[in-house]
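Undergrad: Structure of the sequence below:
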Amino acid sequence: MKTPTAVVAIVAAGTLALAGTLPAQGSPVLDDDQPDLITGLLPDDEPTQPAPPTPSALPAGPSQAPACVGVTIKPGQEAAKLVDEAPNGTTFCFAAGLHRITQTIRPKADQVLASDKGAVLTGSIRLAKWTASSGDWVTTGVLPPAYGQTGQCEDNVSNICYLREQVFLDGKHLARVAVRDKVAPGTFYADYAANSVYLGDNPAGRAVEMSKTERAIQSSAGNVTVRGLTIEHFATPPQGGAIQLGLGWKVYANDIRWNHAVGAMLVNADGAVLEKNLIHHNGQLGIGQYSTLRGTIANNEVSYNNTDGFWIADWESGGIKTTWSNGGWVTGNLIKANRGVGLWSDVYDDGRTFDANQIVDNAADGIRYEIGRNGVIEDNVITGNGLGTGRGSGTSLWDGGGINVNTSSNVQVRDNVVANNVNGISIQSRTRGSGPWGLNVLRDIVVSGNQVTMKGGSTATGMVQNSGAVIPTGEVTLKANTYILDSLTAERFQKTGQWYTAAEWRQTGQDAGSTFRVGTSVR
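TA: Alright, predicted model coming up:
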């Protein structure tokens, strides 16, 4: 084993003695066609493989919406006004076409906003009056007054990710640049002091749109249903959703895309269901949840979010993030290729279950469970995550993995398939202060029945701690897992600063009943 110089950590006292018969250190590595890495652990038996979870029940999106029968809203009508004037329980059917939403729609209790015709609700305006200007094109009088910075950007020098207006040329999202001199084809610059927008492409004969309205749908009324709509181009503030779910809402079979911040937010949305939606290419985050009891986020496709450059490694960007919520489920979702954490529980989530999700190729952790308690992470397939974190992050266990449990208590991590992520399973004990449950500590973590493939780079599974958050003996247990490795001699396990081969790892007292193999993963 080796002790890295780059990690400052204290080894927890009282390492458990090894029980049973194990191979001595330095045992020869078995060939790749041998099923067992450590003989004698499961003598004469092929190691048991956990079955991959059933794929999520996709497809999702407006094609899954049922027929709509109710009051028709046509393109060009003021949807917010019509909804406000109607009684509780009215069903509105948006006709096919583009509906420009200039005011946030605020539904009443039990109302339904729906379409079975492919209606598009857009928060953008057309930009049509352009003038050539020193090789660029400029239009004026379309921007709001300058506003303050919120959130954190991947580029912390120019810090422009928080600016809400997006520009689209023939439907293509243009990249924002920080200064006029950087304007080039495929980009735009917004000068708030001069109230001018500069474009790097000739707009003649082309459609140029800029997001303008802050939100599409939001109200304090309960039991609202939203289905079958495309919701796009809303100038949402950081941490704000283009659609914000409330108490008992059901939002399903929608396409929520190309909004500046969050696609869909559950806020004080007890019992709400967000299901079978396509939620993609939003500027910050696909789905957010805050202060919600027993909410359900199920069978959605959440992909390619954080288009506008929010901090990948450690601010609220990527696929799904939940906070301050009790109970409920995130289940059956495909969470793919988001520029941030795939699925993140952060700050005082209690009793949350993350199960049967496919979490693939997200830039940061596949799943991060941080400062929470009583969590269950089970039956997920988590592959190729954490390999694109960028600023302020690296590849150590401090930087996360396929699954990252950070300063949380009573968390079960079981029966997951975790393959080829930056690390396998990272368990972190950090000094994180106190909150409503007292001192935030890492306690009672059980990792069992998982299949973990680690075959490249510095990939590892294990635990790290800082000097103010030493992990007491017995508070982290790994057992009955299957590890698929490149070699028996590869140091793929770590415990608070020290690295171990498979055989050495077993001698620390961890992974009783586990199997270590050389070979390929099930998936």
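
Undergrad: Output the below-cut-off pLDDT ranges for the stretch 301-450 of the chain.
TA: Across the stretch 301-450 of the chain, nothing is flagged by pLDDT under 70.

Undergrad: now the chain
TA: 1-58, 520-523.

Undergrad: Apply 50 and report the result again.
TA: For the chain, the stretches with pLDDT under 50 are 1-37, 39-56, 522-523.

Undergrad: mind checking the SS state of the spatially most central residue of it?
TA: For the chain, the residue nearest the mean C-alpha position is residue 319 (2.5 Å; Cα atoms, centre = their mean). The three-state assignment at residue 319 reads strand, by DSSP: H, G, I helix; E, B strand; the rest coil.

Undergrad: What number of neighbouring residues does residue 155 come out with?
TA: 14 (other Cβ atoms under 10 Å). Placement of C-beta: from N, CA and C, glycine included.

Undergrad: how many neighbours does residue 148 have?
TA: Neighbour number of residue 148 under other Cβ under 10 Å is 5.

Undergrad: just residue 433 next, same as before
TA: Counted with other Cβ under 10 Å, the neighbours of residue 433 add up to 9.

Undergrad: State the distance from it to residue 347.
TA: Residue 433 sits 11 Å away from residue 347, going by Cβ to Cβ, to the nearest Å.

Undergrad: what do you get for residue 123?
TA: When distance is defined by Cβ to Cβ, residue 123 is 29 Å away from residue 347.

Undergrad: Repeat that for residue 324.
TA: The spacing between residue 324 and residue 347, counted by Cβ to Cβ, is 6 Å.

Undergrad: for residue 335, same thing?
TA: For residue 335 relative to residue 347 (Cβ to Cβ), the value is 20 Å.

Undergrad: Neighbour count for those two, which is higher?
TA: It is residue 335, of residue 335 and residue 347, that has more neighbours when counted by other Cβ under 10 Å, with 32 against 16.

Undergrad: right, and that one touches residue 354 too?
TA: No. Residue 335 is beyond contact range of residue 354, at 10.1 Å (criterion: Cβ atoms under 8 Å).

Undergrad: any residues in contact with both of these two?
TA: Taking Cβ atoms under 8 Å, 6 or more residues apart in numbering as the contact rule, residue 335 and residue 354 both touch residue 343.

Undergrad: Might you report the residue contacts of the residue lying closest to residue 400 once chain neighbours are set aside?
TA: Leaving aside its sequence neighbours, residue 400 sits nearest to residue 365 (Cβ to Cβ, 6 or more residues apart in numbering; 4.0 Å). Contacts for residue 365 (Cβ under 8 Å, 6+ apart) come out as 341, 342, 344, 385, 386, 400, 401, 402, 403, 404, 426.

Undergrad: Just name the closest of the residues you listed to residue 105, please.
TA: Nearest to residue 105 among the contacts of residue 365: residue 344, at 28.8 Å, using Cβ to Cβ.

Undergrad: doesn't residue 315 make contact with that closest one?
TA: No. Applying Cβ under 8 Å as the test, residue 344 and residue 315 come out as separate, 10.5 Å apart.

Undergrad: Can you pick out the residue with more neighbours from those two?
TA: Remark: of residue 344 and residue 315, residue 344 carries more neighbours, 27 against 22, as counted by other Cβ under 10 Å.

Undergrad: Please list all residues in contact with that one.
TA: Per Cβ under 8 Å, 6+ apart, neighbours of residue 344: 316, 318, 319, 320, 321, 322, 365, 367, 368, 370.

Undergrad: Can you add distance to residue 509 and give those back as a markdown table?
TA: Output for the contacts of residue 344, formatted as a markdown table (distance: Cβ to Cβ, whole Å):
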| residue | distance to residue 509 |
| --- | --- |
| 316 | 37 |
| 318 | 35 |
| 319 | 35 |
| 320 | 35 |
| 321 | 35 |
| 322 | 33 |
| 365 | 26 |
| 367 | 25 |
| 368 | 26 |
| 370 | 26 |
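
Undergrad: and of those, the nearest to residue 70?
TA: For the contacts of residue 344, the closest approach to residue 70 (Cβ to Cβ) belongs to residue 320, at 31.1 Å.

Undergrad: just checking, the closest one touches residue 330?
TA: Yes. Counting by Cβ under 8 Å, residue 320 does reach residue 330; the two are 6.2 Å apart.

Undergrad: hey, what's in contact with both of those two?
TA: 297, 343.

Undergrad: Now residue 182. Its backbone dihedrals?
TA: phi -90, psi 0 (degrees, to the nearest 10).

Undergrad: Numbering from 37 from now on, please.
TA: That works, and once the first residue is 37, the last one we named lands at residue 218.

Undergrad: thought it was touching residue 225?
TA: Yes. Using Cβ under 8 Å, residue 218 is in contact with residue 225, at 7.0 Å.

Undergrad: higher neighbour count, the two?
TA: When residue 218 is set against residue 225 and neighbours are counted by other Cβ under 10 Å, the residue ahead is residue 225, at 23 against 14.
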